[in-house]
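K.L.:
sequence first, predicted model second:
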Amino acid sequence: MTREDEDIRLLLTNAVPPLTPPPDRVVEVARRVRRHRQRLIGSTALAVAVAVGLGVGGAQILTGGNRAPSMAGDSGGQGQWTSCVEAAPEMVTRGFMVPTEEAAALPRLGDDFVPAAAVICGLEPPVGKDVMVTERRSDDVAALTALAAVLRLPDAQTNPDLACRADLQIAPWLALVDAEGRWIRPGIPLASCHNHLPDAVSEALDALPLTTVATRPLAEIESARPDMAGCGQRWVDMAEVATMADHDARPGTLRSPFLAGQTVRLCVYDVPRSDQENGKAAGVLAHGTVLRGDRRAAIEHALGASEPANPCNARASRFAVLRPITGSDPRAYVELDGCRRITAVAAGHRRVIAQGDAALIELIDKP
């Protein structure tokens, strides 16, 4: 069994069986304009996430997350609309996937903003080797009127007796543009299960007759941001998983974290607050680079000098993954706060949990 297979086993062991919540009320005006189109919220996002490879093997988390450090549209009025990539470059590395609670935190659509078009940004499954960033647009008056109506609805009341799914549903990255070209990102109301969209919103989004107006290869965008290239958009903190679920993992020391001559990539991830509170270990990419020269040597020395991990139960809000650019083992996980644990694979394919310190974290956690 490979280490990636073992990661899959650990994650599945911790999985919570999903429950299907009852459907919310469907707004009739949205139903009348509904056209049978492929849903942008679910299947495309998941297919693209698999295609792009968001993370390591089975340790790919597609729906975790809360508020990103910065997001276009956190406040109303963003000037003239240009393009998806220019409006929200930080969302490209996230595949334009927005957890429902993050979408709900945006300002709600006011009566003074009249949408003349809706824009949905996303990724398309690869054609050949290229994954495409797409911009889809709709100016259908009836569909936009229906969408605006449901976006102005309040959140549904939570029901403590309702069985809700443990995962977060993904909302589209949606912008509304008025007749003068000004745009906003509207907040989206939540269902009784506050990690899901109301059916009314899903129906209204499905009803939009969307036309693709622009595409751009994802690789072209990433090549312009070399700090992001090569790091998965989402990753799992295996230090957290190993501590909680890998009964073979033991406190220990790391003698030779990387093989001589290997080129090592460093990727740093933020764990959203909601995931910390829910006990998840899914991180969103913050920055990444390829370690070179003195910096690599200093980090490798600090890893090798680490002591066995101290007892600790604090959850990390940031962690780093260090791995060969070939994607193979050995790889190390370093928590940048919380318990500051280091996890790596030792001889015999057993995970060792060591203790990080401030000096190591300072070496790692800089762009």
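P.N.:
Now that the structure is in, tell me what you want to look at.
K.L.:
so which bits of the longest strand along the chain are buried?
P.N.:
Taking DSSP state E as the criterion, the chain has its longest strand at strand 117-127. When burial is assessed from 16 or more other C-beta atoms under 10 Å, strand 117-127 yields the following buried residues: 117, 118, 119, 120, 121, 122, 123, 124. C-beta coordinates here come from the backbone N, C-alpha and C atoms, glycine included.
K.L.:
for the closest residue to the last one other than its chain neighbours, helix, strand, or coil?
P.N.:
Nearest-residue entry for residue 124: residue 132, 4.5 Å, with adjacent residues in sequence omitted and distances by C-beta to C-beta, 6 or more residues apart in numbering. At residue 132 the chain is in strand, as set by DSSP: H, G, I helix; E, B strand; the rest coil.
K.L.:
so what sits opposite residue 132 in the bridge?
P.N.:
residue 124, residue 217 (DSSP bridges).
K.L.:
hang on, it packs against residue 96?
P.N.:
No: counting by C-beta atoms under 8 Å, residue 96 is not a contact partner of residue 132; they are 11.7 Å apart.
K.L.:
which of the two has more neighbours?
P.N.:
residue 96 (23 against 19; other C-beta atoms under 10 Å).
K.L.:
shouldn't residue 306 be in contact with residue 254?
P.N.:
Yes: if you go by C-beta under 8 Å, residue 306 and residue 254 touch, sitting 5.8 Å apart.
K.L.:
any shared contact partners between these two?
P.N.:
Listed as contacting both residue 306 and residue 254 by C-beta atoms under 8 Å, 6 or more residues apart in numbering are 342, 354.
K.L.:
can you give me the buried ones in stretch 340-356?
P.N.:
Quick answer for stretch 340-356 (16+ other C-beta under 10 Å): 340-346, 351-356.
K.L.:
out of those, who's nearest residue 214?
P.N.:
Residue 214 lies nearest to residue 343 out of the buried residues of stretch 340-356, by C-beta to C-beta, at 42.0 Å.
K.L.:
list the contacts for the nearest residue to that closest one once chain neighbours are set aside?
P.N.:
Spatially, and ignoring its direct neighbours in sequence, residue 343 is nearest to residue 239 (4.0 Å; C-beta to C-beta, 6+ apart). Residue 239 makes contact with 316, 319, 333, 334, 335, 339, 341, 342, 343, 353 under the criterion C-beta under 8 Å, 6+ apart.
K.L.:
next secondary structure after the helix or strand residue 239 falls within?
P.N.:
Assigned by DSSP states H and E, residue 239 belongs to helix 238-245. The first helix or strand that comes after helix 238-245 along the chain, using DSSP H and E, is strand 250-251.
K.L.:
got any ranges where the stretch 151-300 of the chain has weak pLDDT?
P.N.:
Residue ranges of the stretch 151-300 of the chain with pLDDT under 70: 162-169, 194-195, 218-230, 241-249, 256-257, 259-261, 275-281.
K.L.:
which secondary structure state is assigned to the closest residue to residue 201 other than its chain neighbours?
P.N.:
Closest residue to residue 201 apart from its sequence neighbours, by C-beta to C-beta, 6+ apart: residue 150 at 5.3 Å. Recorded secondary structure, residue 150: helix (three-state DSSP).
K.L.:
from residue 207, how far out is residue 150?
P.N.:
Distance of residue 150 to residue 207, given as C-beta to C-beta, to the nearest Å: 10 Å.
K.L.:
same check, this time on residue 214
P.N.:
Residue 214 is 22 Å from residue 207, by C-beta to C-beta.
K.L.:
who's more crowded, these two?
P.N.:
Taking other C-beta under 10 Å, residue 214 and residue 207 do not tie; residue 207 has more neighbours (23 against 15).
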